[in-house]
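*Asks:* please find the sequence and the predicted model below.
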Number of protein chains: 2
Amino acid sequence: MRAELLAVGDELLFGDIVNGNAAWLGRQLADVGARLTMSTVVGDNVETIAAGIRAALGRADAVILTGGLGPTQDDLTREGIALAAGVAMRRDPFLEASLRRWFQALRRDAPGGTGRGTPEMNYRQADLPEGAEPLPNEVGTAPGIRLEIAGEGSGSGGVVYALPGVPNEMYAMFTGSVLPDLLRRAGEPAVVVHRVLRTAGIWESVVAQALAGEVERLAPVGNPMIAFLASGGQTRVRISARATDRAEAHRLIEPVEKAARDALGIALYGVDDDSLEGTVLRLLAERGETLAVAESMTGGLLAGRLTDVAGASAVLRGGVVSYATEAKRDVLGVDPEVLATSGAVSPETAAAMAAGVRDLLGASNGLAVTGVAGPDEQEGKPVGTLHIGMVGAFGTLTRSLRLPGDRRTNRIYAVVQALDALRRTLTVHTC
Amino acid sequence: MRAELLAVGDELLFGDIVNGNAAWLGRQLADVGARLTMSTVVGDNVETIAAGIRAALGRADAVILTGGLGPTQDDLTREGIALAAGVAMRRDPFLEASLRRWFQALRRDAPGGTGRGTPEMNYRQADLPEGAEPLPNEVGTAPGIRLEIAGEGSGSGGVVYALPGVPNEMYAMFTGSVLPDLLRRAGEPAVVVHRVLRTAGIWESVVAQALAGEVERLAPVGNPMIAFLASGGQTRVRISARATDRAEAHRLIEPVEKAARDALGIALYGVDDDSLEGTVLRLLAERGETLAVAESMTGGLLAGRLTDVAGASAVLRGGVVSYATEAKRDVLGVDPEVLATSGAVSPETAAAMAAGVRDLLGASNGLAVTGVAGPDEQEGKPVGTLHIGMVGAFGTLTRSLRLPGDRRTNRIYAVVQALDALRRTLTVHTC
């Protein structure tokens, strides 16, 4: 089952937004073993859309469009499909009635209206190419489209799906209407199962080297396949297996996963969708302990990442962003002597910040970060200097390293290194 | 001058990463008035790459490839270009010598090596299609490629450029080698000039409505063109004009910009690359004042956004993430009576948090955010409840609103609303 993607929109082509929909759909198709060979973006132009559809059907069995299903005159996907199929457009009476009811409800609940176009323009969303079937939109108003197009020559026909460009609407419609249809058409679908091992605190090349040999011995023929994905200061190891069913795929993955876990050791903090911050909070919650964080160069990003986790409040008391040096002294109670001799960027100050914020917020553990994000050095210390302080039942620990990047990268990496330092400390100091 | 983009890489096609390069290049091409009609992604396959090139040259005069120029056996862009052009590959002796020197230097400075492939594999980066010219890579090792391909039929030839996939390397090579070449080939290039007006605190539809009429009267024929770009809780109004030179483009933009500014009023906070947080810090710096921030539902993101601005330390003393209710009392000094009667999520508490953090950090101004991010309601208050407190020379002010989204969206929008509330307050209370 060969598939292609075709995204429609001037805002995509001219770079106002990045094509996140294509990445999401690409992953979905890879997961079900569909052969995705090409992904294209065209602008808001009927002829170009139609040409893109025809070209894709010349190469593949299914083409999935996103975007261009809105109510404005720039939304031309419906017309593009009709042109590609050589059919006329018709207004579907059921869709029209459904839209009419929706607009009546909208006027009733929000009398000012949305200010977006006229009601009449919105009824373009009830138009379909002749012979097409609408796909229900559970999240928004624009119905999707499915249309079989007969080929002229051999292999040039296929099925066309059109989904909204709005991500949440597209996810729901793809999952609910398109994916089951694709699987059904593919007959005996192969399943692809992924297992993602998540590591932190070590470089991608070190991960790859740790897994060389033993793991590659177990997976020589590309099934399972191992991919290394480095982003945001962490490296994920994805093990992917294809099989006729999920149980068989899991059986293929198991020995490779075991060998990888043995090789990665404590660098591995979780699997699949686990997050580093979630892991830290979980480790503390299991002990009935709480946490407070103090930060300067990361400026709130460390607390921000921990509070991203719904339910963080069970563990995280709060934090202090001690941006000005005086704030470290006045708010966190860092000894002015320490600040004077070692400076605001030092292991001693990191440890004092951790103890101070722990006491101030009444938590069981304190985690502190101080360093030099850049672009300028500070106190004669170079850009990328990082000191992490940790105080808890395990005692007082600091970790010092040198980050390699620019200001933005250093702030992100510092948060990851701080979270991972606390994770490793809690993991080896079980009480 | 019609152009197309062709990005190469399995990781793009299967959604491991999003195609940010295409968005960047799309903007660059739009800026110089090149006609970009289609943007495609293919996987690491020589035949597919070649087919993509040939198809693109059948439609356009120039195709710009990104990716697939690395040293591994999956890097097949060079071979794909050769196949599309019907030429052989040759090893360029100058490139080879240059690479040899680079690797000698690498071994000298980093004796462990990078662990990435063998030196012999890396010399693939010295191979070129016959007749191609290398483009210098100022940032990395892989040279780019330029090759003229003669067409078989009319309109099916053109120029092929290949750039590295690594963004920083691609930006530099495009700007240094490709863009000047494209402009030269286009003869009398049209220039496109953009002016972006940045607003906050009002919905996109309200912005569009405010600009209807007067502005559309001034720009009826699509030049200048007006686009509304809503993201992250803010709306940008982009005015774009095409002309034979920049001065003429600016003359076209000027009356439209003036009408837009008049219509937007105080909602407009900056232009082009100004940021909301930068604007707030600038307004305070101009008065010689400082700021401290207190937050709970935004968990550090407000301080994090302010500290994103290099030089924020001149104004921002720091902040407190008072995540637990007790932290509002113990750290910020909010009156327990206020917490008991109004709750942690209330205008009174927001004002008290702002005053408390200002005193604690010794700043001239305090800004506080308290609300309900979700997914659960809190103290009987619904998800999206938001109270902003501000204390300064302007007195004590609060602003309360209801955010429309989920947890992640509410946290981001709350930061934007808080920054904008302070901006508007400072703007109308000039001392």
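*Replies:* Good, I have the coordinates.

*Asks:* and the strands in the stretch 51-200 of chain A?
*Replies:* A:62-66, A:89-91, A:127-129, A:133-135, A:144-149, A:158-163, A:191-200 (DSSP state E, counting those that start in this stretch).

*Asks:* just confirm A:Ala363 is within a strand.
*Replies:* No. Using DSSP: H, G, I helix; E, B strand; the rest coil, the assignment for A:Ala363 is coil, not a strand.

*Asks:* out of everything not next to it in sequence, what's closest to A:Asp335?
*Replies:* Spatially, and ignoring its direct neighbours in sequence, A:Asp335 is nearest to A:Ala352 (6.3 Å; CB to CB, 6 or more residues apart in numbering or on different chains). Just so you know, the C-beta spots here come from the backbone N, C-alpha and C atoms, and that holds for glycine as well.

*Asks:* flag the shaky bits of the stretch 301-431 of chain A, pLDDT-wise.
*Replies:* A:431 (pLDDT under 70).

*Asks:* can you give me the distance of the closest residue to A:Gly9 other than its chain neighbours to B:Val383?
*Replies:* For A:Gly9, ignoring the flanking residues on the chain, the nearest one in space by CB to CB, 6+ apart is A:Gly67 at 4.4 Å. Distance from A:Gly67 to B:Val383, counting by CB to CB, to the nearest Å: 30 Å.

*Asks:* ok, now A:Gly300?
*Replies:* 23 Å.

*Asks:* which one of these two has more residues nearby?
*Replies:* Neighbours around A:Gly300 and B:Val383, counted as other CB atoms under 10 Å in any protein chain shown, are more numerous at A:Gly300. The numbers are 34 against 19.

*Asks:* my guess is the more buried one contacts B:Gly319. True?
*Replies:* Yes. With contact defined as CB atoms under 8 Å, A:Gly300 reaches B:Gly319; the gap is 6.4 Å.

*Asks:* where do the contact lists of those two overlap?
*Replies:* Common contacts of A:Gly300 and B:Gly319 (CB atoms under 8 Å, 6 or more residues apart in numbering or on different chains): A:Val321, B:Glu295, B:Gly300, B:Leu302, B:Ala303.

*Asks:* report the buried members of those residues.
*Replies:* Neighbour-count burial (16 or more other CB atoms under 10 Å in any protein chain shown) is assigned, among those, to A:Val321, B:Glu295, B:Gly300, B:Leu302, B:Ala303.

*Asks:* any idea which of the strands of the stretch 51-200 of chain A is most buried?
*Replies:* Stretch with highest mean neighbour count among those: strand A:62-66 (a mean of 27; mean count of other CB atoms under 10 Å in any protein chain shown).

*Asks:* list of residues touching that one?
*Replies:* By CB under 8 Å, 6+ apart, strand A:62-66 touches A:1-8, A:21-22, A:25, A:34, A:49, A:53, A:56-57, A:77, A:81, A:158-165, A:170, A:174, A:178, A:182, A:185.

*Asks:* could I get the strands of the stretch 51-200 of chain A as TSV with mean pLDDT?
*Replies:* Formatted as TSV, those follow (pLDDT from 0 to 100):
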stretch	mean pLDDT
strand A:62-66	97
strand A:89-91	95
strand A:127-129	96
strand A:133-135	96
strand A:144-149	97
strand A:158-163	97
strand A:191-200	88
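
*Asks:* quickly note the distance from the residue nearest to A:Leu397 when sequence neighbours are not counted to chain B.
*Replies:* Excluding its sequence neighbours, the residue lying closest to A:Leu397 (CB to CB, 6+ apart) is A:Met390, at 4.7 Å. Separation of A:Met390 from chain B (CB to the nearest CB, to the nearest Å): 18 Å.

*Asks:* you'd agree A:Met390 is up against A:Thr398?
*Replies:* Yes. Using CB under 8 Å, A:Met390 is in contact with A:Thr398, at 7.2 Å.

*Asks:* neighbour count for those two, which is higher?
*Replies:* The neighbour count for A:Met390 versus A:Thr398, taken as other CB under 10 Å, is higher for A:Met390 (26 against 18).

*Asks:* re earlier: dump the residue contacts of the residue nearest to A:Leu397.
*Replies:* Here A:Met390 is in contact with A:Ala354, A:Asn365, A:Gly366, A:Leu367, A:Ala368, A:Thr396, A:Leu397, A:Thr398, A:Arg399, A:Ala421, A:Leu422, A:Thr425 (criterion: CB under 8 Å, 6+ apart).

*Asks:* the fourth one: helix or strand, and which one exactly?
*Replies:* A:Leu367 belongs to strand A:365-371 when elements are defined using DSSP states H and E.

*Asks:* check whether that strand contacts chain B.
*Replies:* No. Counting by CB under 8 Å from any CB of the partner chain, chain B has no neighbours in strand A:365-371; the shortest distance is 11.8 Å.

*Asks:* from the middle of its chain, how far away would that strand be?
*Replies:* Distance of strand A:365-371 from its chain centroid, counting by CA atoms, centre = their mean, to the nearest Å, is 27 Å.

*Asks:* buried set for the following helix or strand past it?
*Replies:* As assigned by DSSP H and E, the chain's next helix or strand after strand A:365-371 is strand A:385-392. Within strand A:385-392, the residues scored as buried using 16+ other CB under 10 Å are A:Thr385, A:Leu386, A:His387, A:Ile388, A:Gly389, A:Met390, A:Val391, A:Gly392.

*Asks:* stretch A:366-384 now?
*Replies:* By neighbour count with 16+ other CB under 10 Å, stretch A:366-384 contains the buried residues A:366-374, A:378, A:381, A:383-384.

*Asks:* cool, and stretch A:257-274?
*Replies:* Buried residues in stretch A:257-274 (16+ other CB under 10 Å): A:Glu257, A:Ala259, A:Ala260, A:Ala263, A:Leu264, A:Ala267, A:Leu268, A:Tyr269, A:Gly270.

*Asks:* residues contacting the first one?
*Replies:* Spelled out, it's A:Glu257. By CB under 8 Å, 6+ apart, the residues touching A:Glu257 are A:Arg195, A:Leu197, A:Ile239.
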